[in-house]
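# Sequence plus predicted model, see below.
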Amino acid sequence: MTSPLEQKKIKIAGPSIVTANRTWDGIVVYRTTAKSWSADLSEAAIVRNSDEAKALLAESIADDVGAIGPYIAPVQVGADGKIEPGNLREQIRRTGVTIGQSAQA
Amino acid sequence: MYAYDEIDRTLVNERVSEFRDQVKRRLSGELTEDEFKILRLQNGVYLQLHAYMFRVAIPYGTLATNQLRALAHVARKYDRGYGHFTTRQNIQFNWIKLAELPDALEDLAKVGIHAMQTSGNNMRNVTSDQWAGVAPGEIEDPRIWSELIRQHTTLHPEFSFLPRKFKIAITASDHDRAAIKIHDIGLRLIKNEKGETGFEVLVGGGLGRTPFIAKTIKHFVHGRDILSYIEAILRVYNQYGRRDNIYKARIKILVHELGIEKFSREVEDEWQHIRNSSLEIDDEVIEDIRSRFTYPAYEKLPHMPDELRQAAADPDFEAWRKNSVAPHKVQGYSIVTISLKPTGGPPGDATAEQMDALADLADKYSFGEIRVGHEQNLALPHVAKRDLPALWKALDKLGLATPNVNLITDIIACPGLDYCSLANARSIPIAQELTRRFANHELANLIGRLHINISGCINACGHHHVGHIGILGVEKNGEEVYQITIGGRADESAALGTLIGPGVKFDEVADVVEDIVEAYLALRERPEELFMDTVKRLGVEPFKERVYATR
């Protein structure tokens, strides 16, 4: 996983979000426009250029108690505004493991 | 089994109390994640894709039934009802809440289980042969020495901040079931010409980005000197091991760059300073540890009881017995391997219900003892042969009698991209598909011994380099791609596999393995010629040609 520090240097290639894991229970969360964390990807704040991404990441890192390991991840935004993960890793983080029985809570 | 003393119990309990306070301070914001990370790692807590992963040590792979029930309890109460047995005699839980971890640790501490040094740059769980103490022809029980090293290295200040993680494995049999040649230090118990117990010491093995097979650094170190010799190796590593580059920090790189001769001289010089010191092991120390290992009161039993003779008429029982039951050092008993590789299942997973039921079976049929092997299977080490038919029926009801031990579907696989934050590709779905493709036990038996190892990234937790067929998942242009190696092995003749060509796509992996297997079946000279024998005789070219002829 790319560290947040390294991510500060990267340029984003498309719509992106900041994701992390909630500190007390570790579940996957997304940084929202309300400067909080949500487990619902549809509530994630979308950034579209590297300055916006850096700012959102810096704000997320500052909230050290709320969530850990924040990083920028690619998403796809449909014409209807629906947000989908931009790669397999993020798809698995969102929907769970792909291996059957262990996926069930 | 090993009986812990008051010092062990106090140490484990104090550690839980300490961690509970650390977690409390982290959740209140008193500790930052940067400050907390090393503390959680020292207690086996990683952050993975979906949640915190909690890794618990099973020293030398030996579990009592109350310990297995405690692991089932953790799976049920704090996780999602599963545990995942790994290649290093650990168990991992994948969905633990940080806030509940101190409670989980406390529940495990009650039965002498802990998570100390299951992560971080320190001495990891000392592993051994899962058949230790019961294997015929063994020099002596290697767990006695594993326990000595465990006691010496746990929370040892000099070993707590090493350049990188450090792994030791010990075997005492001719056939190496502990994969000692792919460890930082591998120890092989031997007797010298005077009949004294000692060790052949190997160093610098390991897989990952830069794989190496360990080299022998000393042909015989007397048992009384083994701690000082290990400490000498660690001191040289601590002094010269790189700390500026994580990819070059393992001792295997140091050994490779210095050369085994120079490294050996450095160790020898260091050893001469410390060998005649408090590190020299008195016989009483070893005898004390030896006395804490208890062994069953075996009965005098016939070699071939009537129950076994009658059950042999059942082909399903025989199929299981042939692959799962191994000879025991005591007549009338067997070692039973329990496959955690059901068709379509994630390798190494066990449910809380299965763990509880296995504990019951171990109480009934194996003197209350269970073993964990690096192949991600379990074993019952003391089963009377007369009980084998009844045990098989009970295991079958639990879904734990898949007759595939050492066959093509007995696959080692890391958690891969489904769980691991380091992974680039999925491992478990590949294993699942292969177990479906080769679910026909007659075909699997026709193929014979064939180990497939799958890793979801270059870190090689699935030991792909030493799989007879190794599969490494990488990421290329946003897609999962799998590189195939042939000819690796992790036993006493350990070797690294050879890459056969360009990587293939996720959906093609099972087809490629089928091609390799078909080529082997066509090329072997007789049914007894195992896959590895054919590879040794012909090299990888015929397999490479078969795989890429139409791709």
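Yes, it's here.
# average model confidence for stretch B:129-147?
Mean per-residue pLDDT for stretch B:129-147: 97.
# That stretch: which residues count as buried?
Buried positions in stretch B:129-147, judged by neighbour count with 16 or more other C-beta atoms under 10 Å in any protein chain shown: B:129-135, B:138-139, B:141-147. To be clear about C-beta, it is placed using only N, CA and C from the backbone, and glycine gets the same treatment.
# Dump the C-alpha coordinates for that stretch into PDB.
The C-alpha coordinates for stretch B:129-147 follow below in PDB (Å, rounded to 0.1, in the frame of the first residue of the first chain):
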ATOM      1  CA  ASP B 129       7.900 -30.300  12.800                       C
ATOM      2  CA  GLN B 130       4.200 -30.800  13.400                       C
ATOM      3  CA  TRP B 131       4.900 -34.500  14.000                       C
ATOM      4  CA  ALA B 132       7.500 -33.700  16.700                       C
ATOM      5  CA  GLY B 133       7.700 -36.200  19.500                       C
ATOM      6  CA  VAL B 134       5.800 -38.900  17.600                       C
ATOM      7  CA  ALA B 135       7.600 -39.300  14.200                       C
ATOM      8  CA  PRO B 136       9.400 -42.600  13.900                       C
ATOM      9  CA  GLY B 137      13.200 -42.300  13.700                       C
ATOM     10  CA  GLU B 138      13.300 -38.800  15.200                       C
ATOM     11  CA  ILE B 139      16.600 -37.900  16.900                       C
ATOM     12  CA  GLU B 140      14.600 -36.500  19.800                       C
ATOM     13  CA  ASP B 141      11.600 -34.200  20.300                       C
ATOM     14  CA  PRO B 142      12.700 -30.900  18.700                       C
ATOM     15  CA  ARG B 143      10.100 -29.000  20.700                       C
ATOM     16  CA  ILE B 144      12.300 -29.100  23.800                       C
ATOM     17  CA  TRP B 145      14.900 -27.100  21.900                       C
ATOM     18  CA  SER B 146      12.200 -24.900  20.300                       C
ATOM     19  CA  GLU B 147      10.900 -24.100  23.800                       C
END
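# Any idea how far it is from the middle of the chain?
The chain centre lies 15 Å from the centre of stretch B:129-147; the measure is C-alpha atoms, centre = their mean, to the nearest Å.
# do stretch B:174-183 as well
The answer for stretch B:174-183 is 10 Å, by C-alpha atoms, centre = their mean.
# Next: stretch B:193-208.
Per C-alpha atoms, centre = their mean, the centroid offset for stretch B:193-208 relative to its chain is 18 Å.
# What of stretch B:110-125?
On C-alpha atoms, centre = their mean, the centre of stretch B:110-125 falls 15 Å from the chain's centre.
# Okay, now that stretch: how far is its last residue from its first?
19 Å (C-alpha to C-alpha, to the nearest Å).
# swap in stretch B:181-195?
End-to-end for stretch B:181-195, by C-alpha to C-alpha: 25 Å.
# residues of that stretch that come out buried?
Neighbour-count burial for stretch B:181-195 [16+ other C-beta under 10 Å]: B:181, B:182, B:183, B:184, B:185, B:186, B:187, B:188, B:189.
# My read is that the third one contacts residue B:167, right?
Meaning residue B:183. Yes. Residue B:183 is within contact range of residue B:167, at 4.8 Å (criterion: C-beta atoms under 8 Å).
# Common neighbours of the two, please.
Counting by C-beta atoms under 8 Å, 6 or more residues apart in numbering or on different chains, the common neighbours of residue B:183 and residue B:167 are B:127, B:206.
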